[in-house]
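**Q** Sequence and predicted structure below; questions after.
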Amino acid sequence: MLNRRTLTLAGLLAGTGGAARAMGGLWVCHDVPPYVWQGERGMEGFAFRLYEQVARQAGLAVQLQFVPFARALRMLEAGHAEAALVFTRAPEREARFRWLFPVGRFRFAVFTLPGAGPAPSTIAQLKGLRVGSLRASVGRGWLEQAGIAGVVEGKDYAELLALLRRGIVDAVVGPEAVLRSTEARDGGVGLRVTLMDNGFDFYAAAGPAMPEATVARVRAAYQQLVDAGVVAQLRKAHPEALAPG
């Protein structure tokens with residue numbers, strides 16, 4: 001199970017030297033392949049590899065815990081976690097969080113079953129359908145603003161795609177790369193995909209519990225990795241996490 005899984009970077013940082021290492025707080029994340037997920041060899045994905053590098057560069061011994069997204073958001077807002085690793089940066093969130101470093105880019109997409117009638121090509125065509133959306137997500141708010149009443153919330157994208165395959169929802173809305181990766185990982189077959197004109201960035205975001213000094217330390221570490229070419233190397237190795245939006 002991914003829930004309640006915690007990873008510490010204390011061991012990974014052992015080689016940096018005790019004087020350079022500082023205790024960091026808890027970071028949270030939900031299962032969002034191809035950005036971060038639990039694979040056969042442990043945590044994988046562009047966001048996770050970048051998180052490792054930034055923590056090492058900043059000299060922070062931090063923990064990463066996997067929880068459902070809605071819980072991760074509550075923990076971040078309540079100060080029970082210092083940061084979220086894969087968090088959509090959107091205008092309505094801009095002033096509520098401090099944005100540490102980018103971990104991916106995506107476009108929203110609508111997934112439907114083959115042969116289930118015309119594929120929706122606009123947000124207006126979702127009206128009257130049962131639409132699955134991640135609980136507490138930007139996509140959920142987007143559907144609400146568009147007046148989509150028949151929204152069924154899920155705790156993660158695997159659950160939402162299962163609801164689609166069982167016919168409980170007519171469509172699922174979410175980040176294209178995440179839904180494609182989740183479907184492929186779970187052995188699903190050929191869903192129809194319609195891209196929407198909504199491009200967003202995933203960021204590591206700090207909540208109120210992270211001290212300003214730590215925010216500055218993390219941001220500086222990321223910039224050092226950019227200057228050293230490390231981020232470019234990671235991006236080259238993980239092109240699936242950087243789809244144009």
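**A** Ah, there it is. The shown structure was predicted, so the numbers you read here are calculated from the model rather than taken from an experiment.
**Q** give me the element the nearest residue to residue 58 once chain neighbours are set aside is part of.
**A** Spatially, and ignoring its direct neighbours in sequence, residue 58 is nearest to residue 221 (3.7 Å; CB to CB, 6 or more residues apart in numbering). No exception for glycine: its C-beta is placed from N, CA and C like everyone else's. Element membership for residue 221 (DSSP states H and E) is helix 212-227.
**Q** how much space is there between the most centrally placed residue in the chain and residue 117?
**A** Central residue of the chain (CA atoms, centre = their mean): residue 86, 3.4 Å from the mean position. Residue 86 sits 33 Å away from residue 117, taking CB to CB, to the nearest Å as the criterion.
**Q** swap in residue 50?
**A** 41 Å.
**Q** Between these two, which is the more surrounded one?
**A** The residue with more neighbours, out of residue 50 and residue 117, is residue 50; 26 against 9, by other CB atoms under 10 Å.
**Q** SS state for that one?
**A** helix (DSSP: H, G, I helix; E, B strand; the rest coil).
**Q** Make sure I have this right: residue 174 is in a helix.
**A** No. Read with three-state DSSP, residue 174 is strand and lies in no helix.
**Q** Run a quick neighbour tally on it.
**A** Around residue 174 there are 27 residues (other CB under 10 Å).
**Q** ok, now residue 77?
**A** So residue 77, with other CB under 10 Å, has 15 neighbours.
**Q** how close does the closest residue to it other than its chain neighbours sit to residue 183?
**A** Distances taken as CB to CB, 6+ apart place residue 207 nearest to residue 77, at 6.3 Å, with adjacent residues excluded. With distances taken as CB to CB, residue 207 is found 31 Å from residue 183.
**Q** re earlier: can you give me the buried ones in the helix holding residue 221?
**A** 214, 215, 217, 218, 219, 221, 222, 225 (16 or more other CB atoms under 10 Å).
**Q** Stretch 65-77 too?
**A** So, applying 16+ other CB under 10 Å, buried residues of stretch 65-77: 65, 66, 67, 68, 69, 70, 71, 72, 73, 75, 76.
**Q** Same question for stretch 112-119.
**A** So for stretch 112-119, counting by 16+ other CB under 10 Å, buried means 112, 113.
**Q** which residues sit in contact with residue 173?
**A** 108, 109, 110, 111, 126, 131, 132, 133, 139, 142, 143, 196 (CB atoms under 8 Å, 6 or more residues apart in numbering).
**Q** Backbone torsions only: list them for the third one.
**A** Backbone geometry at residue 110, expressed as degrees, to the nearest 10, gives phi -110, psi 120.
**Q** what separates it from residue 168, distance-wise?
**A** 16 Å.
**Q** who has more neighbours, those two?
**A** Regarding residue 110 and residue 168, a neighbour count based on other CB under 10 Å identifies residue 110 as having more, with 26 against 13.
**Q** Tell me, what's the model's pLDDT at the residue nearest to the more buried one when sequence neighbours are not counted?
**A** Spatially, and ignoring its direct neighbours in sequence, residue 110 is nearest to residue 194 (4.5 Å; CB to CB, 6+ apart). Note for residue 194: predicted pLDDT of 93.
**Q** Residue 194 falls within a strand, correct?
**A** Yes. Membership of residue 194 in a strand is supported by three-state DSSP.
**Q** so it makes contact with residue 120?
**A** Yes. With contact defined as CB atoms under 8 Å, residue 194 reaches residue 120; the gap is 6.1 Å.
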